[in-house]
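**Student:** have a look at this fold, sequence not included:
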């Protein structure tokens, strides 16, 4: 069983809080989107209001990327969101960082430097080995407890995610708690239950489809995006060289065979696009699958009107819909229709659950709201939907015990 903030006696306790605030960064180094920071406001506010001394740990970007920057702007934005000063130190576990953590008073908050500035944090370890890394051994002496609120990174096995909870009494933050409650109880949601799998994470989406169909968790699986294109090819549809080359270049060609196996086993419950949208003469142009392949150089960029009407009829009968991945290249205004219409239709269903990552970005960009739950995690949400264990969650389950909070 995982302990939560309800089990933590916070006042006077120095708490290391792992969050996921990995955000788009503008050219001038400022945050382009603070959605992930806002997600953690409740957890951080509660800890501070209850007299905790909070040291925030997080990563930003990947080594070599334009968004691989310090967490200084994140600290500034958190200060605005929390309505109280939030300090920043340009180190994570050095003597200066440890001194800054030790100097915290009740209700103080400090953001430590990007954990991925240190090579160990970009590596995967088993929990016991992670607990012996420099990051964990450096921070553990100045922390009394650990809180993991970074559900979006829970599928990783890095020191700040699995090492610290091996060394310290540990708790799930409010984001983590909610995500586990919602995504861990899909089988309890009302039926009929429909999964909408789109986007470009083809192997993960096929894993989800296999899992939910084999375990009778899905009455229907609707496919779209690159996932839908793979299923169309598996069904014998010629999408043309441009779409096929993209799938091959992404390393997804073997997934066509897996999709074909799924269609053989559960084809009556898998819905494929009936038409696609391409760019022709710089305009959106829709082609039924019987009119394919498209002209040379044209790619399937979105689902078309016939598909949306077909999927709408299925969603009209659903009680629960779980969505992951956009229906098309929503970044291009010409190909937003599928995602906007499909996700908009899902908001009319009694229970609607949305995976994170690109899906959440698409919804923010398109202004689609009204879902029962929008996950903060992409890869982590997919792992949970296939009933796979998440390393960071397992670490919380096995963390050292701590006496319950005072009444």
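**Tutor:** Right, received. Where do you want to start? All values reported here derive from a predicted model rather than from experimental measurement. Numbering: from 1, shown residues only.
**Student:** just the buried positions in the helix or strand of the chain with the lowest mean pLDDT, please.
**Tutor:** Every helix and strand of the chain was ranked by mean pLDDT, DSSP states H and E. The lowest is helix 358-366, at a mean of 83. Within helix 358-366, the residues that count as buried by 16 or more other Cβ atoms under 10 Å are 358, 359, 360, 361, 362, 363. All C-beta spots, glycine's among them, are computed from the backbone N, C-alpha and C.
**Student:** strand partners of the following helix or strand past it, parallel vs antiparallel please.
**Tutor:** Next along the chain after helix 358-366, taking DSSP states H and E as the criterion, comes strand 373-374. For strand 373-374, the paired strands and their directions (DSSP bridges) are strand 351-354 (parallel).
**Student:** how far off centre is the strand it pairs with?
**Tutor:** Strand 351-354 sits 14 Å away from the centroid of its parent chain (Cα atoms, centre = their mean, to the nearest Å).
**Student:** just stretch 265-273 next, same as before
**Tutor:** Relative to its chain's centre, stretch 265-273 lies at 26 Å (Cα atoms, centre = their mean).
**Student:** which other residues reach it?
**Tutor:** Taking contacts as Cβ atoms under 8 Å, 6 or more residues apart in numbering, the residues outside stretch 265-273 that touch it are 209, 213, 218-224, 228, 231-232, 235, 262-263, 289, 300, 303-304, 307, 310-311, 314.
**Student:** can you report how many residues lie near residue 225?
**Tutor:** Neighbourhood size, residue 225 [other Cβ atoms under 10 Å]: 30.
**Student:** count the neighbours of the nearest residue to it once chain neighbours are set aside for me.
**Tutor:** Nearest non-adjacent residue to residue 225, counting by Cβ to Cβ, 6 or more residues apart in numbering: residue 198, 3.5 Å away. For residue 198, the count of nearby residues is 29 (other Cβ under 10 Å).
**Student:** kindly report the same for residue 94.
**Tutor:** 16.
**Student:** now residue 123
**Tutor:** 13.
**Student:** would you confirm that it contacts residue 158?
**Tutor:** Yes - the criterion here is Cβ atoms under 8 Å, and residue 123 meets it with residue 158 at 6.9 Å.
**Student:** ok, back up a step: which one of the buried residues of helix 358-366 is nearest residue 383?
**Tutor:** Residue 383 lies nearest to residue 359 out of those, by Cβ to Cβ, at 14.9 Å.
**Student:** ok, the closest one to residue 265 distance?
**Tutor:** 26 Å (Cβ to Cβ, to the nearest Å).
**Student:** then residue 329?
**Tutor:** 30 Å.
**Student:** who has more neighbours out of those two?
**Tutor:** Legend: neighbour count by other Cβ under 10 Å for residue 329 and residue 265, higher for residue 329 (21 against 13).
**Student:** check contacts around the more buried one.
**Tutor:** 301, 302, 335.
**Student:** how about 6 Å then?
**Tutor:** 301, 335 (Cβ atoms under 6 Å, 6 or more residues apart in numbering).
**Student:** next, it: secondary structure please.
**Tutor:** coil (DSSP: H, G, I helix; E, B strand; the rest coil).
**Student:** one more: residue 146?
**Tutor:** Relying on three-state DSSP, one would call residue 146 strand.
**Student:** in contact with it, which residues are there?
**Tutor:** Residue 146 touches 16, 164, 165, 168, 170, counting by Cβ under 6 Å, 6+ apart.
**Student:** wait, the third one sits on residue 399?
**Tutor:** Right, residue 165. Yes - counting by Cβ atoms under 6 Å, residue 165 does reach residue 399; the two are 4.4 Å apart.
**Student:** between these two, which is the more surrounded one?
**Tutor:** Comparing residue 165 with residue 399 by other Cβ under 10 Å, the one with more neighbours is residue 165, at 32 against 23.
**Student:** what about the more buried one, helix or strand, and which?
**Tutor:** Taking DSSP H and E as the criterion, residue 165 maps to helix 164-167.
**Student:** hmm, who's touching that helix?
**Tutor:** 127, 131, 136, 140, 146, 395, 396, 399.
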